[in-house]
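K.L.:
Here is my input, please return the structure:
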Amino acid sequence: MIRPMGTAITTELQRVRNIGIIAHIDAGKTTTTERILFFSGRIHKKGEVHDGTTVTDYMPEERDRGITIKSAATACEWDNHKINILDTPGHVDFTAEVERSLRVLDGAVGVFCAVAGVQAQSETVWRQAQKYSVPRISFINKVDRVGADFAKAVKSIKDKLGATAVPIQLPIGREKDFNGIVDVIEGDAIYFDEASDGMEFKRGPIPPGMAEELAKAREAVIEAASQFDDVILEKYLAGETVTADEMKRGLRAATVACKVTPVTCGTALKNKGVQQLLDAICLYLPSPIDMPPTKGKKPGTNEDVERLPDPTQPLAALAFKTISDRNGDLTFIRVYSGELVNGTQVWNSRKQKPERINRLYKMHADKREAVEKLTAGDMGAAVGLKLTFTGDTLCDRDTALVLGAMKFPDPVISMSIAPRTTADREKLAEALAQMVKEDPTLHRHTDEETGETIISGMGELHLDIKNSILQREYKVSVDVGRPKVAYRQTFDRAAEVEGKHVKQTGGHGQFGVVKVRFEPLLASTGGVEFANEVVGGRVPTEYIPAVEDGLKEFGKRGGRLKWPFVGIKATLYDGKAHDVDSSELAFKSAAEIAFREMIEHSRTVLLEPMMRIEVTVPEANVGDVIGDLNSRRAQVDEITYSGPNRVISGKVPLAELFQYSTTLRSMTQGRGDYSSEPCEYTPVPNQIAEKIIAERKKFLGIV
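P.N.:
Sure, this is the predicted structure:
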C-alpha cells in the first residue's frame, strides 16, 4: 500500500529539480552549465572550455581536448529551489553517459546552436530522452554568432525532432546586435547591460516593431497551455485575457506531460539569458513528485511494484554509474524512495546479496561533500561498494524490487592492444577490468586464434581516449593495432538443414538430431532469434533449451570468420532422440552442426555499420567534400544552409571514415567539421566483401 506524503515532505520535494544538460557536441552545454553554477553562486569564477578551466570538465583528457567525456554531477540553488545537474557528453562515442544520465533524471535542458540548429547528436539525445519520457525545455544558444537564426533553429526542433517547440522568449537584435530578449509570457523585454558583460539586466518595454511577433508568440503559448488547463481553455475560447500566472501554470503541465517544449534563448559565453534559463528550469521542469511513481518488479516475478518519492517509503535506489578510484570505486546513485543511510546494510536485488553503505557523498564534479544520508529525490554517490554496479537496484530486503535496467548499444569498432613490457601485462589486465566496469560500451576479449587482447567501442575517438587514459591514469605502456570495423553476417535466403551428433565410444554414447529452419530477418540486427515448433515429443522438452543455447552461442562466435551472425530466425521443427544416449550436450552439439551446415550450403551476406554523418563546410569547399564522400561510398541525402556554411547530410560506411577528420581539415584549410553516429547495418557490396573476407581469412590463417 502506498501512503500519501506529508505536507512538509511534499513542499520540500516540490523545490527539487533533477536535470541534465544535453546537446550535440560544441552546442555549448558545458559553458551553459558553468554559467548556471556561476549565477547561482555555486562557483565564484567563470571557467572556459577553451582554457580547460571549467568545473564539470575536470578530467585531463576533457581539458586537453575541449570536450565532455564523462557526465559530471553537481548542484546549485536558485530562487529557493535545489537543482541537481548532470552535464552530459555531446559526442556520439560517449552515448552511454547520456543514456544512463537520462535514465535517472526528471527533466532536461536541450541546448541548440542558433546557427546550426538541430544536429546529428541532438537527434540522438532527444530520442534517448523521449525513450525515458523526460520532460524538456530548450535553450537556443549562441544567438550572437554570425549566421544565427532563432526562428530557423526553432523550426528545426519542430521538423527534425517532432517536438512542439513553443518560444517563451524572443531575441532582440540579430548576431552581434543581440542585446536582450522579449519575455513572451510577461509581455515585456529584458535588456542586458553591456558594461557588466551582460551579467546585469533591466526590464522595459519591448522594442518598436516587435508587437506583432510578440502577439503571435503569446497566442502559441496560450494555445499550448490551454490543452492542459480548463480555465485557460475557457478563457481562450471566450476571447478573454489569460494572465501570466495562468499561462505559466498551463505551460508547466504541458511540459511535465512531455507534450510541449518551452524554448528560451541567449548566449551562455556572454552571460546573456542564463539567469532567465534558470527561472525557466524552476518554473517548467518537474520536481520528483510531479513524475509518475517509480515502477519496478518483484524479484523472480512479473508483479509490478510502485514507489512514491517519499523518505518514509521502503528504499528504492538505482546505481547508474561507476567510476574507478584508488580510494574505492565511486558508485553514483539516484534515490527514488526511502533513505540510504551511512552504516546500514541494504539489499542488491539484482545480485540477491547484501551491500553495506559506509560513505555517502553529494558530488560537485570531482569534489565530494560527505553526507549522512541520501533521501528520496536525491542523487549522490557511495564509495567502496563491493557488488553494486551500473543498473543494480538497492532496496530493503523485505520489500525488494528490481528497477528497470539500462540498455546500451553494441560496439562498432575494435582494435588490438598489447603491453610493451612484462610489467605492463599485469597492469593492463587490471586497468582494462576497471575501465570495462566503468563503461558499458567498452568491451574486451581475447582472440582465441591469435591470443591478442581486443577492445571494442563506439568509435575512433572512444578507443583513442581509452588508450590515452590507460597510459596517463593507469601508467600502462601499450601498443595498439589499427582500428577494425565490427562486421556482422547474415543469410540471404531461408533453408532447412539437419544437424546430427551421433557418437558411440563404449558405454553411453551421444545421440542428438535436430532439424532447423533458418530464415533471414531483414529488419533486424539482433542476434539469433529462436523458435520451437516441435510436436509429438520428437525432441524431448528438457533438451530444447540446449538446442537454443547451441544455436545462439554459435551465432555469437560467428563460425570460421568469427563475425557474429545477426538478423536470423532459427526454428527447431523436428529431430530425434535416444532413450539412453541423448543428453543436453549431444543436442547442443547437434544445433552447432546444423548451423555449420547452413553456412556450408547457403550464401552468407557480410554486413557493415553505417554512420549517419553531418559535414559542415564553407560554400567554396562543397564540391571537393562531396567528391571525397562519394569516393567513400557515401549516400548524400541533402545539402542545407547553416549561416555562411553548407551542411552535407547522409550515410557513410564506418570503414571509410578512419582518419576522415584529417582529410576534411586538409580540404577545407581547417574550417570544416563533421559529426557522425551509428545508424544501421547494411550489406557490403560483393566486390568489396570478397576482399574483406580474403583479408580476414589470411589474418585467421584459414586456407
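K.L.:
just for the stretch 451-600 of the chain, where's the confidence low?
P.N.:
505-507, 523 (pLDDT under 70).
K.L.:
again with the stretch 301-450 of the chain
P.N.:
Scanning the stretch 301-450 of the chain for pLDDT under 70 picks out the ranges 326-327, 448-450.
K.L.:
repeat that with 80
P.N.:
302, 324-328, 365-366, 405-407, 409-410, 412, 447-450 (pLDDT under 80).
K.L.:
the helices in it, which residues?
P.N.:
For the stretch 301-450 of the chain, the helices defined by DSSP state H, counting those that start in this stretch occupy 422-438.
K.L.:
what about the strands in the stretch 251-400 of the chain?
P.N.:
Secondary structure of the stretch 251-400 of the chain, counting by DSSP state E, counting those that start in this stretch: strands at 261-265, 294-297, 304-307, 316-323, 330-337, 339-341, 345-348, 353-356, 359-364, 367-371, 373-375, 379-383, 393-395.
K.L.:
Redo these as TSV? Include mean neighbour count.
P.N.:
(Glycine included, C-beta is placed from N, CA and C.) Shown next, in TSV, are the strands of the stretch 251-400 of the chain (neighbours: other Cβ atoms under 10 Å):
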stretch	mean neighbour count
strand 261-265	26
strand 294-297	19
strand 304-307	17
strand 316-323	25
strand 330-337	24
strand 339-341	18
strand 345-348	19
strand 353-356	14
strand 359-364	19
strand 367-371	13
strand 373-375	21
strand 379-383	23
strand 393-395	26
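K.L.:
Out of those, which gets nearest to Gly567?
P.N.:
strand 294-297 (29.4 Å; Cβ to Cβ).
K.L.:
I'd like to know which elements the closest one is packed against.
P.N.:
Applying 3 or more Cβ pairs under 8 Å, 6 or more residues apart in numbering; DSSP states H and E, one finds that strand 294-297 contacts strand 304-307, strand 402-403.
K.L.:
and the longest one, what does it pack onto?
P.N.:
With contacts taken as 3+ Cβ pairs under 8 Å, 6+ apart, strand 304-307 sits against strand 294-297.
K.L.:
partners of the strand it packs on, with directions?
P.N.:
The pairing partners recorded for strand 294-297 under DSSP bridges are strand 304-307 (antiparallel), strand 402-403 (antiparallel).
K.L.:
Show me the contact partners of the shortest one.
P.N.:
Translated: strand 402-403. Contacts to strand 402-403, defined as Cβ atoms under 8 Å, 6 or more residues apart in numbering, come from residues Thr294, Lys295, Gly296, Lys297, Lys298, Pro299, Ala316, Leu318, Tyr336, Ser349, Arg350, Thr393.
K.L.:
swap the cut-off to 6 Å and go again
P.N.:
Gly296, Lys297, Pro299, Leu318, Ser349, Thr393 (Cβ atoms under 6 Å, 6 or more residues apart in numbering).
K.L.:
which two in those residues are spaced the farthest apart?
P.N.:
Using Cβ to Cβ, the two most remote members of those are Pro299 and Leu318, lying 14.7 Å apart.
K.L.:
can you pull out the strands in the stretch 1-150 of the chain?
P.N.:
Using DSSP E, counting those that start in this stretch, strands in the stretch 1-150 of the chain cover 16-23, 72-78, 81-87, 107-113, 136-141.
K.L.:
Take these and write them to a markdown table, including mean neighbour count, mean pLDDT and distance to Leu428.
P.N.:
As requested, the strands of the stretch 1-150 of the chain are exported to a markdown table (neighbours: other Cβ atoms under 10 Å; pLDDT from 0 to 100; distance: least, Cβ to Cβ, whole Å):
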| stretch | mean neighbour count | mean pLDDT | distance to Leu428 |
| --- | --- | --- | --- |
| strand 16-23 | 26 | 91 | 34 |
| strand 72-78 | 21 | 87 | 27 |
| strand 81-87 | 24 | 89 | 31 |
| strand 107-113 | 26 | 94 | 37 |
| strand 136-141 | 28 | 97 | 41 |
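K.L.:
Tell me which of the strands of the stretch 251-400 of the chain lies nearest to Leu551.
P.N.:
strand 294-297 (28.1 Å).
K.L.:
related to what we said a few turns ago, closest one of the contacts of strand 402-403 to Gly198?
P.N.:
Nearest to Gly198 among those, with distances taken as Cβ to Cβ, is Leu318, at 39.1 Å.
K.L.:
looking at the helices and strands packed on strand 294-297, which is closest to Trp126?
P.N.:
Closest among the helices and strands packed on strand 294-297, using Cβ to Cβ: strand 402-403, at 23.5 Å.
K.L.:
ok, back up a step: CSV for the strands of the stretch 251-400 of the chain, including distance to Lys202?
P.N.:
Putting those into CSV (distance: least, Cβ to Cβ, whole Å) gives the following:
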stretch, distance to Lys202
strand 261-265, 18
strand 294-297, 43
strand 304-307, 46
strand 316-323, 42
strand 330-337, 40
strand 339-341, 45
strand 345-348, 52
strand 353-356, 54
strand 359-364, 32
strand 367-371, 35
strand 373-375, 40
strand 379-383, 36
strand 393-395, 49
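K.L.:
between the ones you listed, which gets nearest to Leu561?
P.N.:
Between the strands of the stretch 251-400 of the chain, strand 316-323 lies closest to Leu561; by Cβ to Cβ that is 34.3 Å.
K.L.:
Can you pull out the residues in contact with the closest one?
P.N.:
With contact meaning Cβ under 6 Å, 6+ apart, strand 316-323 is reached by 100, 103-104, 294, 307, 329-337, 340, 388-390, 392-395, 403, 437-438.
K.L.:
Give me the buried stretch members for stretch 494-510, please.
P.N.:
Residues Val497, Gly499, Lys500, His501, Gln510 are the ones in stretch 494-510 that count as buried (16 or more other Cβ atoms under 10 Å).
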